[in-house]
Structure formats: C-alpha cells, structure tokens
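**Q** Show me the folded form of this:
(one chain, ligands or ions: 2)
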Amino acid sequence: MSRKIVLASGNAGKLREFNAMMADLGLEFVRQSELGVQDAEETGLTFVENALLKARNAAQHTGMPAMADDSGIVVDALGGAPGLYSARYAGEHGDDAANNAKLLEALKDTPEAQRSARFYCCIVYLRHPHDQLPIIAEASWEGRVLSAPSGANGFGYDPLFYVPTHGCSSAELPPEEKNRISHRAQALRKLHTLLEQAKA
Ligand SMILES: O=P(O)(O)OP(=O)(O)OP(=O)(O)OC[C@H]1O[C@@H](n2cnc3c(O)ncnc32)[C@H](O)[C@@H]1O
Ligand SMILES: [Mg+2]
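**A** Ligands and ions are numbered 1, 2, ... in the order given. This is a model prediction of the structure:
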C-alpha cells in the first residue's frame, strides 16, 4: 500500500510515535493540520466511534485515505474513568498536568493493589471518504497508576503509568521501547497486518 495517508490527530505525542512507527511499516502519512483539517467533534460514546469520526472528518476534507487513533487510560478503581474522556479529564482538553493531578487526587486513598489500569488504543483506517468497510484495530496495555509521577519521556499520563513488565513508568521507557510494546504500537501492528491482508 503506497498511498499517502492523512493522520487525523492533533496530539503531538501521538504524532511523534506514529512518525517513528509508521516509517518502519512503510506507511507514509501527512498530518491533518498540514492540510488545514480542523479537529472533529468527539461526540462518540465509544473509542471506535470517536476514531471513526476523526478518520471520516479527515478523509472528507482531503479526499485521501485517513487514519485516526482514539485512546485513553482506563482505571479499574474509577469504573473505567477517565477512559474516553482522558484528554479532557480535568476539563481543559489536552492539559496533561491538570489531568494527571486529577487522577492522583481521585486515587489518593486507593492502595497499590487496587490501582490497576490499562491504556487502550483504537485505530481506524478509511480508504476514502465513502469507505463503508473501515479497517479497525485495537489493543490494551496493562499496568497500574503510580502514586507520584516519574520519568520525562512520552506524553499524557505516561509519568503515572507503571509498566510491570519493565518495572518503571511508561515515561521512563526509552521511546523506541514504548513504541515496541505500547497499546498504540500493538494496535498499529494489527492494523498494518489487516491492511496487508486487505491490500487496502
Ligand atoms: O484526538 P487526537 O487529536 O488524536 O488527540 P487527543 O489528545 O485529543 O487524543 P484522544 O482524544 O485520543 O485522547 C487521548 C488521551 O489519552 C491519553 N493518552 C493516550 N495515549 C497515551 C499514551 O501513549 N501515553 C500517555 N497518555 C496517553 C492522553 O492524555 C490523550 O490526551
Ligand atoms: Mg481527541
């Protein structure tokens, strides 16, 4: 699949990671902001609906194949919150510091054994604006929420997300290691396999 894809995200951290991962997969993309595409309203009640809304918006505004990611942190002790609303958990969209502070506050009385959480990522690919058979891949990354931030890599909730397999936060992982094991890496590899199979 050689066509250029419009990547329907405005999140700098995600774009950095997609940039690193898609080159290895031979996927060429352009950011929607470079094509004047405005962010879609995320009115969905599921991650897949929001990813579809973002991909469809970008495809319709450009006529190109489009790919979108909707993701978040799902915390068991909070009944799955912030989940779908991770980007605006503290109110202001994309205020990572406020979102992390609110998460720490919400779990201040939660013991370590009950702080399990997972990052979830759903990626949707549309071949063109009228594509009725989107290619969809999703993945989760199991961990738990730390009681204090640690590490400076990554973005969003990475300083608070403890990765049991590596004994550190996802913000302490080297970027290339996060891009090997994360929810986004797993979902993108699945999507790539589906694209190859569909010869999309
Ligand atoms: O919708 P786009 O434009 O892609 O950008 P966004 O930041 O609004 O993205 P989402 O709506 O998918 O919300 C995802 C939020 O979940 C968090 N998140 C997602 N993936 C993450 C990761 O790999 N590490 C840390 N936090 C992550 C982060 O706070 C994001 O703001
Ligand atoms: Mg968003």
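
**Q** for the chain, which spans come out with low pLDDT?
**A** Regions of the chain meeting the criterion pLDDT under 70 cover residues 1-2, 200.

**Q** residues from it in reach of ligand 1?
**A** 9-11, 14, 39, 42, 69-73, 86-87, 94, 96, 99, 119, 154-158, 182, 184 (C-beta under 6 Å from any ligand atom). To be clear about C-beta, it is placed using only N, CA and C from the backbone, and glycine gets the same treatment.

**Q** OK, contacts around residue 12?
**A** Taking C-beta atoms under 8 Å, 6 or more residues apart in numbering, we find residue 12 in contact with residue 155.

**Q** Count the neighbours of residue 110 for me.
**A** 17 (other C-beta atoms under 10 Å).

**Q** Next one: the closest residue to it other than its chain neighbours from residue 117, what distance?
**A** Excluding the flanking residues, the one nearest residue 110 by C-beta to C-beta, 6 or more residues apart in numbering is residue 77, at 4.8 Å. As defined by C-beta to C-beta, to the nearest Å, residue 77 lies at a distance of 8 Å from residue 117.

**Q** Mind checking which of the two has more residues around it?
**A** residue 117 (25 against 17).

**Q** Next, the contact list for that one, please.
**A** Contacts of residue 117 by C-beta under 8 Å, 6+ apart are 73, 74, 75, 76, 143, 144, 145, 161.

**Q** Please identify which helix or strand holds the spatially closest residue to residue 182 that is not a sequence neighbour.
**A** Spatial nearest neighbour of residue 182, chain neighbours left out: residue 141 (5.4 Å); criterion: C-beta to C-beta, 6+ apart. For residue 141, the host element (DSSP states H and E) is strand 135-145.
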